[in-house]
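S.K.: would you be able to build a 3D model of this:
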Amino acid sequence: MLKKIAITGPESTGKSILARQLAKHYKTNYVPEYAREYIDKLDRPYNKPDILEIAKGQISKEKEQENKANKFLFCDTELIVTKIWCEHKYGNCHKWILKMIDKNQYDLLLLTNIDLPWQPDPQREHPDLRKYLFQLYYDELKQRNFNFGVVSGQDEKRLKNAIDIIDNYFRL
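M.R.: This is a model prediction of the structure:
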């Protein structure tokens with residue numbers, strides 16, 4: 001049976017790299033972050049309705065990959081990211097996103113720690129709020145009682161820590 005693992009956390013914490021590395025390690029597929037693709041195609045600044053479209057696109061991309069994955073499907077981001085992004089930027093979140101967080105479950109979530117240096121990127125907005133945002137993610141995962149582990153470390157150590165969390169959780 002396919003196990004879905006989502007990688008979540010604040011900006012510039014290595015989610016995309018980790019998703020690719022884990023998919024390679026476990027010889028399976030991963031779902032890239034749809035927000036990056038969506039925003040790159042915009043010819044204007046994003047707005048609140050765009051975040052809803054991003055959330056829907058992320059779920060759609062996951063569904064496309066589910067039948068192509070081998071044992072695990074790694075998802076580079078998930079809907080808690082869109083929830084926290086929307087609430088932080090606009091003060092509230094779309095009801096559809098809130099409903100789908102509970103409906104679109106993952107077997108395990110990996111919360112990426114803020115122990116990597118900030119990497120500037122035109123789509124990143126909050127280099128000085130990383131600690132605050134990390135705490136929002138942590139609290140959200142705890143409050144929802146989701147299965148998760150915090151991934152820390154640099155380079156190969158970060159990947160090894162993620163693999164250890166997965167292997168221990170699924171008793172591999």
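
S.K.: for the protein, which segments count as strands?
M.R.: Using DSSP state E, the strands found in the chain span residues 3-8, 29-31, 72-76, 108-112, 148-151.

S.K.: I'd like to know which elements the last one is packed against.
M.R.: Read that as strand 148-151. Secondary-structure packing of strand 148-151 (3 or more C-beta pairs under 8 Å, 6 or more residues apart in numbering; DSSP states H and E): strand 108-112, helix 155-169. In this view, the C-beta of every residue, glycine as well, is placed from N, C-alpha and C.

S.K.: re the thing from before, closest one to Pro120 among the strands of the chain?
M.R.: Closest to Pro120 of the strands of the chain is strand 108-112 (C-beta to C-beta; 17.5 Å).

S.K.: packing partners for that closest one?
M.R.: strand 3-8, helix 15-25, helix 130-143, strand 148-151, helix 155-169.

S.K.: which of these sits most buried?
M.R.: strand 3-8 (a mean of 24; mean count of other C-beta atoms under 10 Å).

S.K.: who touches it?
M.R.: Identification of contacts with strand 3-8 by C-beta atoms under 8 Å, 6 or more residues apart in numbering yields 15, 18-19, 22, 62, 66, 71-78, 80-81, 105-112, 137, 141, 148, 151, 166, 170.

S.K.: what's the neighbour count on Pro63?
M.R.: Wrong residue type there; residue 63 is Lys, not Pro. When neighbours are defined as other C-beta atoms under 10 Å, Lys63 has 11 of them.

S.K.: with adjacent residues omitted, what lies nearest to the spatially most central residue of the chain?
M.R.: Among the residues of the chain, Thr77 comes closest to the average C-alpha position under C-alpha atoms, centre = their mean, at 2.0 Å. Using C-beta to C-beta, 6 or more residues apart in numbering and skipping the chain neighbours, the partner closest in space to Thr77 is Glu33 (4.6 Å).

S.K.: Leu98 contacts Ile84, doesn't it?
M.R.: No: using C-beta atoms under 8 Å, Leu98 is not in contact with Ile84, being 11.7 Å away.
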